[in-house]
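Asker: any chance you could fold what I've pasted below:
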Amino acid sequence: MAQDSSVLSQVEGMLAKLASPQLKSFGSVWKVEKELGTLSETLKRIQGTLSLVERAPRQDRLVKTYLVNLREAASRADATLEEFIKERERSNMKKPVREFLFFSLTEEELLRRNQIGPFIDKINNSLVEIDKSLEPHRSMGNDHRSSRQIERRLRTAPVKSTRLPSSSAVDESCVFGRRKDANSIIEYLVSDHYNRREIPVISIIGEEGIGKTTLAQLVYNDPAVEKHFDIRAWVCVSGDFSVERLTRTILECATTKPCRLSNLDPVQRELQNILRGKNFLLVLDDVCNCNRNGWDALRATFSVADAGSRIVVTTQNQSITSIMSPIFTHPLTDLEEEDCWFLLKKRAFGDDDGEINPRLERIGLEIVKKSNKLPSTLTALGNYLYAKEDESIWEMILDSDIDNFGEEQFNF
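Answerer: Predicted coordinates for the structure are as follows:
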């Protein structure tokens with residue numbers, strides 16, 4: 001397959017970069033030799049797998065799908081290595097004098113010293129999981145299983161989520177069925193009735209992929225909300241509820257400048273100087289873990305803000321909301337079936353106002369009925385089906401175990 005050769009060349013190119021003097025020097029200077037070495041070993045295993053994948057049946061669409069997943073993950077890894085090489089070429093010093101490096105692939109456009117290793121590990125883990133999904137092809141030489149059996153194995157192969165950090169940006173033309181939810185939350189944000197001495201918290205809770213982040217984005221960008229608050233800040237928390245990291249990130253959102261302060265206390269004092277007497281909105285997206293001490297330490301910084309300030313938290317975890325004592329918790333529920341179809345159609349056909357092939361529409365409606373109604377799944381499926389007019393591809397999706405397809409499985 002030509003696609004295999006393209007990915008194989010990409011993997012071989014990354015192995016050459018990892019062996020280069022620039023990346024060896026980068027690893028030494030920033031203390032990530034171990035992480036880069038692990039990535040190199042993973043790429044060597046993938047290199048071996050790809051040499052066997054070419055024996056797979058050419059009509060095996062799911063094999064092609066996984067190869068595209070691999071190509072996308074490899075592209076992210078390659079872009080990261082290029083950034084590291086550029087960083088090393090920009091500097092002739094033997095030891096870094098900065099606590100961060102400039103890095104265009106993150107929202108902040110920088111990586112702090114303690115974030116570099118975990119960032120490499122995250123890329124490596126995504127490649128490892130994709131490599132595992134291709135495991136059936138390692139033994140193809142002596143295995144006479146049918147393409148149908150191979151597809152069944154691939155369908156159920158786990159694909160680890162490599163969700164990118166969220167931001168406040170949203171394309172409202174791709175959001176359906178959430179306006180009523182947004183209006184309910186906005187009422188708690190802009191009404192003086194809910195003002196408190198301690199900043200009130202509004203929580204959005206629901207399962208992964210149901211659209212908590214999207215709902216928060218709608219609220220954050222609502223014209224009434226923009227007008228009401230003097231300062232707004234959006235922070236993607238994920239697994240790391242570090243008071244120092246979060247405070248620094250909030251300060252950077254408020255000033256739109258990198259924070260070069262290294263200790264928590266001066267960061268907190270600088271942020272308080274900015275928030276004092278201001279109407280402040282903070283969104284903490286995707287809070288996965290938090291304890292009472294950490295929450296109290298973070299929240300104390302905001303005590304100088306105006307009484308009309310608010311905090312919006314999105315989480316899957318009910319215990320998180322208990323710690324934060326929200327004045328209102330909004331449980332997010334499934335989309336209506338009609339809105340699910342609108343979302344799938346938008347992603348699959350774009351802004352095309354022309355007549356949709358009625359057979360594809362029929363299959364699409366069946367996909368919606370069979371799906372778990374999660375916006376993340378429907379978005380991923382729609383992205384995969386975009387510009388594909390072959391009915392057999394749509395039928396393949398319909399016949400698949402749709403509920404087990406995660407957001408990343410088709411997100412390319």
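Asker: now stretch 173-190: buried residues?
Answerer: 175, 176, 177, 178, 181, 182, 185, 186, 188, 189, 190 (16 or more other CB atoms under 10 Å). C-beta here means a position set from N, CA and C on the backbone, and glycine is covered the same way.
Asker: tell me the contacts of residue 341?
Answerer: Residues in contact with residue 341, defined by CB atoms under 8 Å, 6 or more residues apart in numbering, are 364, 365, 368.
Asker: what's the burial count for residue 215?
Answerer: If you count neighbours by other CB atoms under 10 Å, residue 215 ends up with 25.
Asker: coming back round to it: need the max-distance pair from the buried residues of stretch 173-190.
Answerer: Across these, the longest distance by CB to CB is 23.9 Å; it joins 176 and 190.
Asker: not counting its neighbours along the chain, what's nearest residue 200?
Answerer: With CB to CB, 6 or more residues apart in numbering as the criterion, residue 200 has its nearest non-adjacent residue at 4.5 Å, and that residue is residue 327.
Asker: wait, the one you found sits on residue 193?
Answerer: No. Counting by CB atoms under 8 Å, residue 327 does not reach residue 193; the two are 10.2 Å apart.
Asker: of the contacts of residue 341, just the buried ones, ChimeraX syntax please.
Answerer: A single ChimeraX command selects the buried members of the contacts of residue 341 (16+ other CB under 10 Å):
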select :364,368
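Asker: ok, the contacts of residue 341 vs residue 315, which is closest?
Answerer: Residue 315 has its nearest neighbour among those in residue 368, at 27.1 Å by CB to CB.
Asker: if we go by neighbour counts, what in whatever helix or strand the closest one lives in is buried?
Answerer: Using DSSP states H and E, residue 368 maps to helix 358-370. Buried residues in helix 358-370, counted by 16+ other CB under 10 Å: 360, 361, 363, 364, 367, 368.
Asker: format the residues you listed as a markdown table; extra columns: distance to residue 285.
Answerer: Shown next, in a markdown table, are the buried residues of helix 358-370 (distance: CB to CB, whole Å):
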| residue | distance to residue 285 |
| --- | --- |
| 360 | 34 |
| 361 | 34 |
| 363 | 34 |
| 364 | 30 |
| 367 | 28 |
| 368 | 27 |
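Asker: tell me the helices and strands packed up against the helix holding residue 368.
Answerer: The contact analysis (3 or more CB pairs under 8 Å, 6 or more residues apart in numbering; DSSP states H and E) places helix 358-370 against helix 337-349, helix 375-385, helix 391-399.
Asker: swap in 7 Å and give it another go.
Answerer: helix 337-349, helix 391-399 (3 or more CB pairs under 7 Å, 6 or more residues apart in numbering; DSSP states H and E).
Asker: report the angle between that helix and helix 375-385.
Answerer: Angle, helix 358-370 to helix 375-385, by axes from the mean of the first three to the mean of the last three CA atoms, to 10 degrees: 150 degrees.
Asker: got the CA coordinates for helix 358-370 in CSV?
Answerer: Taking Å, rounded to 0.1, in the frame of the first residue of the first chain, the C-alpha atoms of helix 358-370 are listed here in CSV:
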residue,chain,number,x,y,z
PRO,A,358,-31.1,9.8,0.1
ARG,A,359,-29.4,6.4,0.6
LEU,A,360,-26.6,8.0,2.6
GLU,A,361,-29.2,10.0,4.6
ARG,A,362,-31.0,6.8,5.4
ILE,A,363,-27.8,5.0,6.6
GLY,A,364,-26.8,8.2,8.5
LEU,A,365,-30.1,8.2,10.4
GLU,A,366,-29.6,4.5,11.3
ILE,A,367,-26.1,5.3,12.5
VAL,A,368,-27.6,8.0,14.8
LYS,A,369,-30.2,5.6,16.2
LYS,A,370,-27.5,3.0,16.9
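Asker: quick check: mean pLDDT of it?
Answerer: For helix 358-370, mean pLDDT rounds to 93.
Asker: and it with helix 391-399, angle?
Answerer: On the basis of the same axes, to 10 degrees, helix 358-370 is oriented at 10 degrees to helix 391-399.
Asker: just want the angle from helix 358-370 to helix 337-349.
Answerer: Going by the same axes, to 10 degrees, helix 358-370 makes 130 degrees with helix 337-349.
Asker: so which residues make contact with helix 358-370?
Answerer: Under the criterion CB atoms under 7 Å, 6 or more residues apart in numbering, residues 337, 340-341, 344-345, 348, 381, 391, 394-395, 397-398, 402 lie in contact with helix 358-370.
Asker: okay, and residue 286 sits in which element?
Answerer: Counting by DSSP H and E, residue 286 is found in strand 280-287.
Asker: give the next helix or strand downstream of that strand.
Answerer: Counting by DSSP H and E, what follows strand 280-287 is helix 292-300.
Asker: what segments of the stretch 151-300 of the chain are strands?
Answerer: 201-205, 231-238, 280-287 (DSSP state E, counting those that start in this stretch).
Asker: turn the ones you listed into JSON lines, columns for mean neighbour count and mean pLDDT.
Answerer: Listed next are those as JSON lines, based on neighbours: other CB atoms under 10 Å; pLDDT from 0 to 100:
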{"stretch": "strand 201-205", "mean neighbour count": "24", "mean pLDDT": "96"}
{"stretch": "strand 231-238", "mean neighbour count": "20", "mean pLDDT": "93"}
{"stretch": "strand 280-287", "mean neighbour count": "24", "mean pLDDT": "96"}
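Asker: residue 21 is nearest to which of those strands?
Answerer: Of the strands of the stretch 151-300 of the chain, the one closest to residue 21 (CB to CB) turns out to be strand 231-238, at 34.2 Å.
Asker: would you mind getting the angle between the closest one and strand 280-287?
Answerer: Between strand 231-238 and strand 280-287, the angle comes out at 10 degrees (the same axes, to 10 degrees).
Asker: got the contact list for strand 231-238?
Answerer: By CB under 7 Å, 6+ apart, strand 231-238 touches 165-168, 220, 246, 249-250, 253-254, 275, 278, 280-288.
Asker: name the single longest helix found in the protein.
Answerer: helix 61-90 (DSSP state H).
Asker: can you list the helices and strands that the following helix or strand past that one packs against?
Answerer: Per DSSP H and E, the first helix or strand lying C-terminal to helix 61-90 is strand 100-102. Counting contacts by 3+ CB pairs under 7 Å, 6+ apart, strand 100-102 is packed against strand 110-112.
Asker: what is the mean pLDDT for the strand it packs on?
Answerer: For strand 110-112, mean pLDDT is 84.
Asker: that's all I had, so thanks and see you.
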